[in-house]
Structures are given as structure tokens and as C-alpha cells.
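Novice: Curious how this folds, go ahead:
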Amino acid sequence: MSGHSKWANIKNKKEKTDAQKGKIFTKLGREIVVAVKQGGPDPDANSRLKDVIAKCKANNMPNDNIERSIKKAAGAEDTSSYEEIVYEGYGPNGVAIIVEATTDNKNRTAADVRHLFDKCGGNLGTTGCVSYMFNKKGVLIVEKNDSIVEDDLMMLVLDVGAEDFNVEEEYYEIITEPSKFAEVMEKLEKEGIVFTEAERQMIPTTYVTLTDEQTEKLDRLVNGLEDNDDVSQVWTNAE
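Specialist: Predicted coordinates for the structure are as follows:
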């Protein structure tokens with residue numbers, strides 16, 4: 001499930017089937033449309049688009065697909081009217097859940113999200129009911145390998161303006177302020193750093209511990225939400 005970066009979740013993203021990748025690319029295409037409609041097709045002048053492109057690349061979306069989506073969104077013939085909506089609610093044992101969606105039909109999406117919460121024993125709440133438990137951050141994940149010297153990477157990361165650098169068992173986690181995410185990522189890419197994951201995330205300030213049974217219920221809810229075509233991200237504060 002989505003949430004604070006965990007290697008199992010990262011590996012799961014890398015091992016998606018072709019069908020799953022196609023679904024992810026479709027969702028990312030919607031995010032490109034929204035970004036282009038908001039700020040234009042030039043990523044150098046549209047920081048939101050630059051962030052989405054980074055996310056696309058981390059999900060191995062081909063450059064041709066990215067460019068095609070941008071051109072389509074910028075074209076006069078594109079009449080799509082997607083908008084972004086955030087839902088907040090609770091799962092088992094009071095776990096906080098944030099659902100980010102990109103939709104062309106708010107009523108349909110709201111009904112689908114509410115149904116999944118009800119079906120899986122959760123409760124859909126009001127705007128702001130759990131978002132105060134999270135901080136938005138830029139997150140860059142670099143897989144450990146023999147070519148990377150940890151101390152050198154740490155010095156480089158801090159030198160380009162990152163907020164924090166965490167060493168995990170199988171990867172390095174780079175945290176940035178949201179406003180510096182694209183800038184830090186671009187500078188590190190120029191130094192030859194390759195990212196396994198790159199996106200803005202909602203990082204919990206506190207975590208909730210679940211039993212095995214509660215974890216199974218939460219997994220059903222999160223998986224159901226992530227399978228929905230309109231849902232782009234799901235964040236939780238489950239430990």
C-alpha cells in the first residue's frame with residue numbers, strides 16, 4: 001500500500017505486470033492533462049508538470065508516452081475536463097487515509113470511494129479530518145548498489161538543497177521540501193543519480209499499529225481504492 005516509503009512497496013511498483021503498468025500510465029496521463037491545463041506544456045515554466053514527469057519516469061513510463069500526453073493535453077481538440085479531488089477518512093483502528101483522485105465525474109468517484117470505505121469497514125470523513133496528521137514532502141528513492149558511496153551521496157544530496165537523507169537497509173531515501181523537489185531531483189540527475197521512486201508524498205507525523213486482522217482489512221480497502229480508475233494515490237499512517 002502507499003504511505004511512508006517501504007522497500008516492499010517500491011519493489012512491488014517495479015514488478016508490475018503489463019496490464020497494471022497500462023493502468024498506471026493511464027492514471028499518469030490524466031495527471032499530465034491536469035498539469036498542462038493548469039500551467040501549460042513547458043515543464044521549465046510549469047513546476048507541477050515537471051513533478052508529474054518525474055513521477056512518470058520513476059514508474060518507467062516511456063518518454064514517447066509522456067510527450068504524446070503533453071501534446072494531446074495542449075492541443076485545441078482536447079476537451080477533457082479532469083479535476084483533482086482529495087478524500088479523507090479512517091480505516092481499521094482509526095488509521096488515517098488520504099485518497100487523491102483525478103476524475104471527470106465527481107459524483108461517480110465520490111460514490112465509488114464511499115462504497116469502498118463502507119464495504120471494508122472504514123469511514124469516509126470530511127475535508128481536513130486527517131490531513132493534519134501528514135506533511136507533504138518530495139521523496140526520492142535511490143536503490144543501493146556497489147557504484148554508490150554512501151558518504152559521497154549524502155554530501156551531494158545535502159549540497160543540492162535536500163532536507164534530509166535517510167539510510168535504509170536496501171535503499172537511500174532523500175526528503176525535500178515540496179517547492180524544491182523538482183530542483184533537487186534535476187540536480188541529482190545531472191550527477192548521474194538514478195531514482196527508483198520520485199514523487200511528492202504525504203508523510204505521516206504519527207503512525208498507527210495494526211493487528212494482522214486489521215492489516216488485512218486495510219489492505220483490502222487500499223487495494224480496492226488503488227484499483228479504481230479515478231484514484232491516483234492512497235496514503236495511510238499505518239505502521
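Novice: so what does the longest strand belonging to the chain touch, helix or strand wise?
Specialist: Using DSSP state E, we find that the single longest strand of the chain is strand 134-143. Using 3 or more CB pairs under 8 Å, 6 or more residues apart in numbering; DSSP states H and E, the elements in contact with strand 134-143 are strand 171-176, helix 181-190, strand 197-204. To be clear about C-beta, it is placed using only N, CA and C from the backbone, and glycine gets the same treatment.
Novice: Can you point out the buried residues in the helix or strand following that strand?
Specialist: Using DSSP states H and E, the next helix or strand after strand 134-143 towards the C-terminus is helix 150-159. Within helix 150-159, the residues that qualify as buried are 153-154, 156-157, counting by 16 or more other CB atoms under 10 Å.
Novice: all helices of the chain, in order?
Specialist: For the chain, applying DSSP state H gives helices covering 7-14, 18-39, 47-58, 63-74, 106-119, 150-159, 181-190, 212-227.
Novice: Identify all contacting residues around the longest one.
Specialist: I take that to be helix 18-39. By CB atoms under 8 Å, 6 or more residues apart in numbering, the list of residues contacting helix 18-39 from outside reads 16, 45-49, 51-53, 55-56, 59-61, 65-66, 69-70, 72-74, 78, 80, 82-84, 102, 229, 231-232.
Novice: try the fourth one
Specialist: Counting contacts by CB under 8 Å, 6+ apart, the residues outside helix 63-74 that touch it are 25, 28-29, 32-33, 35-37, 40-41, 49, 53, 56-57, 78, 80.
Novice: In it, which residues are buried?
Specialist: The neighbour-count check on helix 63-74 (16+ other CB under 10 Å) flags 66, 69-70, 72-73 as buried.
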